[in-house]
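Enquirer: model the structure of this input:
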Amino acid sequence: MIKNYLIIAIFIFIFSTLANASEHFSDHEQFCLQQPEKDCLVYINERIEKSELHSTRWYKAKSYLFDYYYDKSDYETLKTIVEPFAERDDLPEVFKVQAYFYYAKALRYYGDIERAKIYANKALTDIQLMYDAFADPMRMLELANLQYVFGNKESAFQMLLKTERKFGKSKDPIFNFELHSNKANIYHAFGDLENARDSRNKALDWILPTQHQGKIIVAQGNLARTYQLLGQYDLAIKYYVYSLSYMVDGSDDITKASHTLRLAEICWQAKDNQQAIKWFKAVKVSDLNRNHKIVYEQLAKALTL
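Expert: Presented below is the predicted three-dimensional model:
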């Protein structure tokens with residue numbers, strides 16, 4: 001059983017280093033708040049269909065589509081829709097950088113690390129130029145995020161500290177959510193779970209009063225995972241359950257499946273097999289991504305199901 005636990009924990013850690021990274025160019029949630037009565041994906045696709053092909057509006061709507069599937073952890077769809085743009089040079093500069101960014105993340109998810117690094121480096125170069133030109137703090141967070149995922153974690157952390165010193169008085173909840181989320185990721189990578197927990201609490205405090213349900217789900221899930229790894233199982237369960245209440249059927253199915261699986265795992269770790277089996281049976285296996293399917297199989301063996 002101890003061996004099974006270690007295997008599960010390893011896969012959780014590997015997946016979390018990818019899933020927690022965020023993107024700031026085209027925030028689909030902010031865009032969809034313009035029409036909150038409509039399903040976000042429907043609204044984005046409507047904007048694409050109503051925009052002149054290859055117009056500025058068309059490219060912008062496409063970028064919201066990229067962000068939507070990235071935030072929903074649907075890497076299969078993301079890779080499919082981004083790939084046709086990854087090698088094109090006749091694209092608007094900002095859109096081209098976005099294509100590099102998302103394609104690098106999708107390739108990394110599928111284990112194509114060397115190609116992922118190529119596109120990440122292309123994105124890094126262009127984002128640096130954008131930051132130098134406009135001094136936008138969100139671009140600095142992008143640079144730090146790409147350094148964290150594909151480059152040097154210490155360099156990424158120093159970028160975040162520099163950004164915090166320069167823009168730390170900002171009251172923008174999105175900026176502060178992303179800043180503290182990225183700091184937490186690096187603390188996590190350094191094995192400093194206590195500081196990771198503190199940063200994740202700050203990220204949640206900033207985003208919770210907003211209408212950004214997707215980011216609230218991410219913040220609660222990240223905090224729950226950190227509590228799980230700290231062995232604070234009651235708090236981990238609390239925040240995973242909170243996250244489920246923000247999810248929308250048909251839109252958050254992948255995340256719902258993974259959070260339900262984690263609830264089963266936590267209950268098993270807490271030696272509450274009855275609750276573990278209850279949550280485990282609630283997992284919709286077809287909605288699990290390939291990493292979580294491995295966790296699911298390991299947990300099934302641990303629960304002797």
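Enquirer: from now on I want contacts and neighbour counts done on CA atoms only, so please keep to that.
Expert: Noted.
Enquirer: can you name the residues in contact with stretch 72-84?
Expert: Applying Cα atoms under 8 Å, 6 or more residues apart in numbering, the contact partners of stretch 72-84 are 19, 66, 69-70, 99, 102-103, 106-107, 109, 251-252, 254-255.
Enquirer: which parts of the longest helix seen in the chain are buried?
Expert: The single longest helix within the chain, with elements called by DSSP state H, is helix 113-134. The neighbour-count criterion (16 or more other Cα atoms under 10 Å) identifies 116-117, 119-121, 123-124, 126-127, 130-131 as the buried residues of helix 113-134.
Enquirer: three-state assignment of M247?
Expert: With DSSP: H, G, I helix; E, B strand; the rest coil as the basis, M247 sits in coil.
Enquirer: isn't it right up against I217?
Expert: Yes - contact criterion Cα atoms under 8 Å: M247 and I217 qualify, at 7.4 Å.
Enquirer: those two: who's more crowded?
Expert: I217 (26 against 17; other Cα atoms under 10 Å).
Enquirer: per-residue confidence at A21?
Expert: pLDDT for A21: 39.
Enquirer: ok, now F13?
Expert: F13 is assigned a pLDDT of 36 by the prediction.
Enquirer: repeat that for A156.
Expert: pLDDT, read off for A156, is 91.
Enquirer: nearest residue to Y70 in space, ignoring adjacent ones along the chain?
Expert: Excluding its sequence neighbours, the residue lying closest to Y70 (Cα to Cα, 6 or more residues apart in numbering) is L78, at 6.4 Å.
Enquirer: can you tell me how far D287 is from D74?
Expert: 10 Å (Cα to Cα, to the nearest Å).
Enquirer: quick one, strands of the stretch 51-200 of the chain?
Expert: For the stretch 51-200 of the chain, no strands are identified by DSSP state E, counting those that start in this stretch.
Enquirer: all helices for it, in order.
Expert: Listed in chain order, the helices found in the stretch 51-200 of the chain under DSSP state H, counting those that start in this stretch are 56-71, 75-82, 93-109, 113-134, 137-150, 153-167, 173-189, 193-207.
Enquirer: residues contacting the fourth one, please?
Expert: Read that as helix 113-134. Contacts of helix 113-134 (Cα under 8 Å, 6+ apart): 97-98, 100-101, 103-108, 136-137, 139-140, 142-143, 146, 150.
Enquirer: do that again at 6 Å, thanks
Expert: Helix 113-134 has contacts (Cα atoms under 6 Å, 6 or more residues apart in numbering) with 97, 100-101, 104, 107-108, 139.
Enquirer: report the buried members of those residues.
Expert: Looks like the contacts of helix 113-134 have 97, 100-101, 104, 107-108, 139 buried, using 16+ other Cα under 10 Å.
Enquirer: and which of the residues you listed is nearest H259?
Expert: R108 (21.9 Å; Cα to Cα).
Enquirer: tell me the pLDDT at the closest one?
Expert: Reported pLDDT for R108: 92.
Enquirer: show me what contacts it?
Expert: A116.
Enquirer: tell me how far the closest residue to K284 other than its chain neighbours lies from A302.
Expert: Nearest non-adjacent residue to K284, counting by Cα to Cα, 6+ apart: A257, 5.7 Å away. Going from A257 to A302 by Cα to Cα gives 19 Å.
Enquirer: and what of D126?
Expert: Counting by Cα to Cα, the gap from D126 to A302 is 47 Å.
Enquirer: just to revisit the earlier point, so between A257 and A302, which is more surrounded?
Expert: With neighbours defined as other Cα under 10 Å, A257 and A302 compare such that A257 has more, 22 against 17.
Enquirer: so the more buried one is in which element?
Expert: Here A257, judged by DSSP states H and E, is contained in helix 253-269.
Enquirer: then D234?
Expert: Per DSSP H and E: helix 233-245 holds D234.
Enquirer: average pLDDT for stretch 287-305?
Expert: Rounded mean pLDDT across stretch 287-305 is 91.
Enquirer: buried residues, that stretch. List them.
Expert: So, applying 16+ other Cα under 10 Å, buried residues of stretch 287-305: 287-289, 292-296, 298-299, 302-303.
Enquirer: how about these in a markdown table, adding distance to N222 and secondary structure?
Expert: Shown next, in a markdown table, are the buried residues of stretch 287-305 (distance: Cα to Cα, whole Å; DSSP: H, G, I helix; E, B strand; the rest coil):
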| residue | distance to N222 | secondary structure |
| --- | --- | --- |
| D287 | 19 | helix |
| L288 | 17 | coil |
| N289 | 17 | coil |
| H292 | 15 | helix |
| K293 | 19 | helix |
| I294 | 20 | helix |
| V295 | 17 | helix |
| Y296 | 19 | helix |
| Q298 | 22 | helix |
| L299 | 20 | helix |
| A302 | 24 | helix |
| L303 | 25 | coil |
